[in-house]
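Enquirer: This is a predicted model, with the sequence first.
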Amino acid sequence: MTGSGRTSGRGRPSSRQTSRGAQPVPAQGISSRETKTSRRSTRTSTGGGKELIICIAVIAVLVVVCAVIYVVQSGAKDRQERQQRAETKYFEEGFGRVASRFAAAEEAGRKFCMGEEPNADPDNPEMRKALDEKLFGPFRSDPDIYNILYDRMYKKGSKTYPDQRWMHEGLTKYDAVKTESRSGILLQFGYVDSKSKTQPVFAAKKSYSPANKDDKVNLGGQIVFVMKAPPPPKKD
């Protein structure tokens, strides 16, 4: 009886059947799914390393930027503090010097301003010359003194007149830019020309009431003592 398939003499399928019906046997070891998972894991770990390097680089840049900003700000603060110290020293020394020198001018002219000077007749040339020598003689040889003013107000009849004595007539007045008061003396710093600022000066001013409050002729006055000054500290 003839069957549907052919067999060899020992009942085994023929070689043709074997070649047609045989299925490939999967290779032992890592499956294809495991292989893909491993590849993805490798790519992930590699990408994570790059991201870490980038993060470290960014942090390093930020640290450097912060350090630069700190150094710049610290330097600016140090310069500002040095500038403030230099200015404080400049004005303290200048005001102290002019206040000290003012004492001699006050000693020479206080009586004139208060109406107690016997040789104060402005219409008498000899008296005027003698008084001017008393007021300005001690200061004429000092190159640091810019000018001195002794100013007395008096009445003659019904009118009030100024009797002003300048060490140097016609010198330009100064423009004050900084002022403070010490022991009744007004201390000022300014410039002869506020635009060009070619000549800085320190000045001391003091006002005086008449010696006799019932005096109807002498109305009091003031002394203005002005000294030349070195240029103030330059700003950075």
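Expert: Received it, and whenever you're ready, just let me know what you need.
Enquirer: Show me what whatever helix or strand I59 lives in is packed against.
Expert: Using DSSP states H and E, I59 falls within helix 32-114. Packed against helix 32-114 by the contact rule (3 or more C-beta pairs under 8 Å, 6 or more residues apart in numbering; DSSP states H and E) you find helix 125-136, strand 145-156, strand 175-182, strand 185-191, strand 200-208, strand 218-228. (Each C-beta comes from the backbone N, C-alpha and C, glycine too.)
Enquirer: Export those as TSV, with columns for mean neighbour count, distance to E51 and mean pLDDT.
Expert: Output for the helices and strands packed on helix 32-114, formatted as TSV (neighbours: other C-beta atoms under 10 Å; distance: least, C-beta to C-beta, whole Å; pLDDT from 0 to 100):
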stretch	mean neighbour count	distance to E51	mean pLDDT
helix 125-136	15	86	91
strand 145-156	20	74	93
strand 175-182	13	61	93
strand 185-191	20	63	96
strand 200-208	21	64	96
strand 218-228	21	70	95
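Enquirer: So which of those is nearest M114?
Expert: Minimum separation from M114 across the helices and strands packed on helix 32-114 (C-beta to C-beta) falls at strand 200-208, 4.9 Å.
Enquirer: quick check: angle from the closest one to helix 32-114?
Expert: Relative orientation of strand 200-208 versus helix 32-114 (axes from the mean of the first three to the mean of the last three C-alpha atoms, to 10 degrees): 50 degrees.
Enquirer: so how far is P162 from D175?
Expert: 21 Å (C-beta to C-beta, to the nearest Å).
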